[in-house]
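[1] Here is a sequence together with a model predicted from it:
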Amino acid sequence: MADFHVDQAAGLRRLLGGAQQLQVVTFVAGCDGVGRSVAVANIAVALARLGKEVLIIDEHAAGDDIAAAFGMAARHDLLNVVQRQMPLSQVLLQPMLGLRVLPAALAARKLGRLSLAQQQTLLDAMSGLERPIDVILVDASMAHPNGFSPFGLVAQEAVVVLSGSSASITEAYSLIKKVSHAFSRKHFRILVNKVRSQSDARSIFDNIAQVAAQRGVARLDYAGAIPLDESLRQSAQLCRPVLVQAPDSAAAAAFRDIASDMLYWQRSECEAAGVGQFMQQLLHLSQRITPNVLRA
């Protein structure tokens, strides 16, 4: 019953809220196992319950995709739309009111090689979404052929997810350093996952932020922390977001706090212009990224 009331209130906000600026946030990680996709799924649920129309763009292939976090299976890809094999509506998944998932693992790898006709097809499809999008969350792949997701370069915000392990911290800093040097991106946010306390999370963030600042790599801001919580493991086993399975858990509360804070993050000019302009910026950049630039 609680979920019904939350979704009903969110629906009313959608009807009464009016036009909003688009916000695009890309989530990346330096290594596997830090809980990036779980974080994206739960933040998306929290934003939808705040009355936002949320689109998750998922760069991961089936078996490692975000659809599984909702107990769903992605059968098609955005590339099918680009190749005019089916409409966008047949590719999109809708786990709940206000939240859609766009599988794009294949399309993300081919963005830089699309013909002009395919680019226009993509623009038309994304600009013609049935409902306006307030927030796009990108679950970015670590295995992009250009070394870093173009979504992460175009989006105003890139959130690096890491855990408390030394390997995770090292790999996260390495990713930030590579992207900073290769693409001159000088600002990232840090989300610390799987930590025992807020003080531990702050200590981890302070250390990596200090190193990045001292070496002139990038400016890092604190996005928040998700505590170690048995509810997360149980929710994952049931293929349900923790906000749905255990809404009163400490992890669920942390995801809600991060989602609320996100709404006050700065927007870029292309985001303010909407999905169409954002996609144009994405395609423009994708055509100009030098392959393997991070490995040079």
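    On my side now, so go ahead. Note that the coordinates shown come from a computational prediction; the quantities given were computed from them, not determined experimentally.
[2] and the residue lying closest to residue 211 once chain neighbours are set aside, what is it in contact with?
    Using C-beta to C-beta, 6 or more residues apart in numbering and skipping residues adjacent in sequence, the residue nearest residue 211 is residue 173, 6.7 Å away. Where C-beta positions appear, they are placed from N, C-alpha and C, glycine not excepted. Residue 173 makes contact with 30, 208, 211-212, according to C-beta atoms under 8 Å, 6 or more residues apart in numbering.
[3] For the helix or strand hosting residue 173, which residues meet the burial criterion?
    Assigned by DSSP states H and E, residue 173 falls within helix 166-183. By neighbour count with 16 or more other C-beta atoms under 10 Å, helix 166-183 contains the buried residues 168-169, 171-173, 175-176, 178-180, 182-183.
[4] Check stretch 193-203 too.
    The neighbour-count check on stretch 193-203 (16+ other C-beta under 10 Å) flags 193-195, 201 as buried.
[5] quick one: which of these sit in helices?
    residue 201 (DSSP state H).
[6] which residues does residue 163 contact?
    33-35, 192-195.
[7] Go again with 6 Å.
    34, 193-194 (C-beta atoms under 6 Å, 6 or more residues apart in numbering).
[8] Can you name the two of the buried residues of stretch 193-203 that sit furthest apart?
    194 and 201 (9.6 Å; C-beta to C-beta).
[9] still on that earlier bit, just the closest of the buried residues of stretch 193-203 to residue 164, please.
    Nearest to residue 164 among the buried residues of stretch 193-203: residue 195, at 5.0 Å, using C-beta to C-beta.
[10] in the sheet, who's paired with that closest one?
    For residue 195, the beta-bridge partners under DSSP bridges are residue 227.
[11] show me the contacts for it.
    Per C-beta under 6 Å, 6+ apart, neighbours of residue 195: 164, 201, 225.
[12] roughly how far apart are it and residue 228?
    According to C-beta to C-beta, to the nearest Å, residue 195 and residue 228 sit 7 Å apart.
[13] and if you look at residue 205?
    Counting by C-beta to C-beta - residue 205 and residue 228 are separated by 17 Å.
[14] What of residue 206?
    Computed as C-beta to C-beta, the residue 206 to residue 228 distance reads 20 Å.
[15] Show me which of these two is the more surrounded one.
    residue 228 (16 against 12; other C-beta atoms under 10 Å).
[16] which ones are touching that one?
    Residue 228 neighbours (C-beta under 6 Å, 6+ apart): 194, 196.
[17] Report how many residues lie close to the nearest residue to residue 149 once chain neighbours are set aside.
    Computed as C-beta to C-beta, 6+ apart, the closest residue to residue 149 that is not its neighbour in sequence is residue 140, at 3.9 Å. Residues near residue 140, counting by other C-beta under 10 Å, number 26.
[18] Could you list the low-pLDDT ranges of the stretch 101-250 of the chain?
    145-146 (pLDDT under 70).
[19] Show me the two of the contacts of residue 173 that sit farthest apart.
    30 and 211, at 14.1 Å, using C-beta to C-beta across the contacts of residue 173.
[20] Secondary structure element for residue 224, which one?
    Judged by DSSP H and E, residue 224 forms part of strand 219-227.
[21] scratch that, residue 101 is what I was asking about
    Using DSSP H and E, residue 101 falls within strand 99-103.
[22] Partner strands of that strand and their direction?
    strand 54-58 (parallel), strand 93-96 (antiparallel).
[23] Report how many residues lie close to residue 39.
    Here the number of neighbours of residue 39 (other C-beta under 10 Å) works out to 27.
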